[in-house]
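Chemist: here is my input; please provide its structure:
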Amino acid sequence: MRTLKTKQLLEYQKEIQITATHLDHFHHVNNVQYVHWVEMIASEHWNLIKEKSKYAEHHWFLIEHQIRYKQQVFLGDVLTVKTYPEKPEGIRQPRKVEFYKNGQLVVDSRTIWILTHPTTQKITKLSADWLDELV
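Modeler: Below is the predicted model of the structure:
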């Protein structure tokens, strides 16, 4: 089991300023926007750490997305978005993405990704300890 220290070493975060382009007709952040941000931050994080991995040339695909909206976010708000991978489950790689406003969790997401080989496009089974290589 990974320790809290390992999770913290694999955590990536960034801030997002909410603009009018992020809003829906109710004047709060559109739910589809969160899916975009989940994919964006996962990709950014992978690009920062992939060279430490034996899977650096592989490609990730999002296959499942769960999200809980706890509070609305509006124009001018600043979100801190945090992401980190969880322990792999065979071919499935869970990833958490959490959105905070003023230190309070406002949106909580868990996604499942699969990794494919760059040439064959076949799904790659992850080694159980592959995340340990990254820290």
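Chemist: in contact with Thr116, which residues?
Modeler: Applying CB atoms under 8 Å, 6 or more residues apart in numbering to Thr116 gives the contacts 58-61, 122-124. No exception for glycine: its C-beta is placed from N, CA and C like everyone else's.
Chemist: tell me the helix or strand right after the lowest-mean-pLDDT helix or strand in the chain.
Modeler: Within the chain, no helix or strand scores below helix 4-9, which has a mean of 58 by mean pLDDT, DSSP states H and E. Using DSSP states H and E, the helix or strand that follows helix 4-9 in sequence is strand 12-17.
Chemist: go ahead and confirm Gly90 touches Lys125.
Modeler: Yes: with contact defined as CB atoms under 8 Å, Gly90 counts as touching Lys125 (6.3 Å).
Chemist: OK, contacts around Gln17?
Modeler: Counting by CB under 8 Å, 6+ apart, Gln17 touches 76-78.
Chemist: try 10 Å
Modeler: 75-79 (CB atoms under 10 Å, 6 or more residues apart in numbering).
Chemist: what do you get for Gln93?
Modeler: Contacts for Gln93 (CB under 10 Å, 6+ apart) come out as 42, 55, 60, 63, 85-87, 111-115, 124, 126, 130-131.
Chemist: Val38: neighbouring residues, count only.
Modeler: 23 (other CB atoms under 10 Å).
Chemist: quick one, helices of the protein?
Modeler: In the chain, the helices defined using DSSP state H lie at 4-9, 31-49.
Chemist: give the other helices and strands that the longest one contacts.
Modeler: Which is helix 31-49. The helices and strands touching helix 31-49, judged by 3 or more CB pairs under 10 Å, 6 or more residues apart in numbering; DSSP states H and E, are strand 12-17, strand 59-69, strand 78-85, strand 93-101, strand 104-116.
Chemist: re earlier: can you tell me which of the contacts of Gln17 is closest to Phe99?
Modeler: Closest approach between the contacts of Gln17 and Phe99, by CB to CB: Leu79, at 5.1 Å.
Chemist: neighbours around that closest one, how many?
Modeler: Number of residues near Leu79 (other CB under 10 Å) recorded here: 22.
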